[in-house]
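Asker: kindly return the folded structure for what I paste below:
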Amino acid sequence: MKMKELTELTTDELLTKRRDLRQESLHLRLQQQSGQLEQPSRLRLLRRDIARLETVLSRRAKQTASK
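Answerer: As a prediction, this is how the structure comes out:
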């Protein structure tokens, strides 16, 4: 997911997307522990997407706090 796509989403959509990605990450980590994970690179991509979401959310929080 690109930063441009994330900045176009509303805050509620970002929060929902963050929750969904974290849940998917949990499921993938469980699969990895049991040896059933087919795409280990997906975990890395999810972590990066979550970090991007957190960045956008924190920037918005700072903007609203400064106003």
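Asker: mean confidence score for the helix or strand where residue 4 lies?
Answerer: Element membership of residue 4 [criterion: DSSP states H and E] is helix 3-7. For helix 3-7, mean pLDDT rounds to 92.
Asker: in whatever helix or strand comes next after that helix, what's buried?
Answerer: Next helix or strand after helix 3-7 toward the C-terminus (DSSP H and E): helix 11-34. The neighbour-count check on helix 11-34 (16 or more other Cβ atoms under 10 Å) flags 14, 17-18, 21, 25, 28, 31 as buried. Using the backbone N, CA and C atoms, a C-beta is placed for each residue, glycine as well.
Asker: thinking again about what came up before, list the buried ones in the helix holding residue 4?
Answerer: Residues of helix 3-7 classed as buried: residue 6 (neighbour count, 16+ other Cβ under 10 Å).
Asker: which elements pack onto it?
Answerer: Counting contacts by 3 or more Cβ pairs under 8 Å, 6 or more residues apart in numbering; DSSP states H and E, helix 3-7 packs against helix 41-66.
Asker: return the distance of the helix holding residue 4 from the chain's centre.
Answerer: Per Cα atoms, centre = their mean, to the nearest Å, the displacement of helix 3-7 from the mean C-alpha position of its chain is 12 Å.
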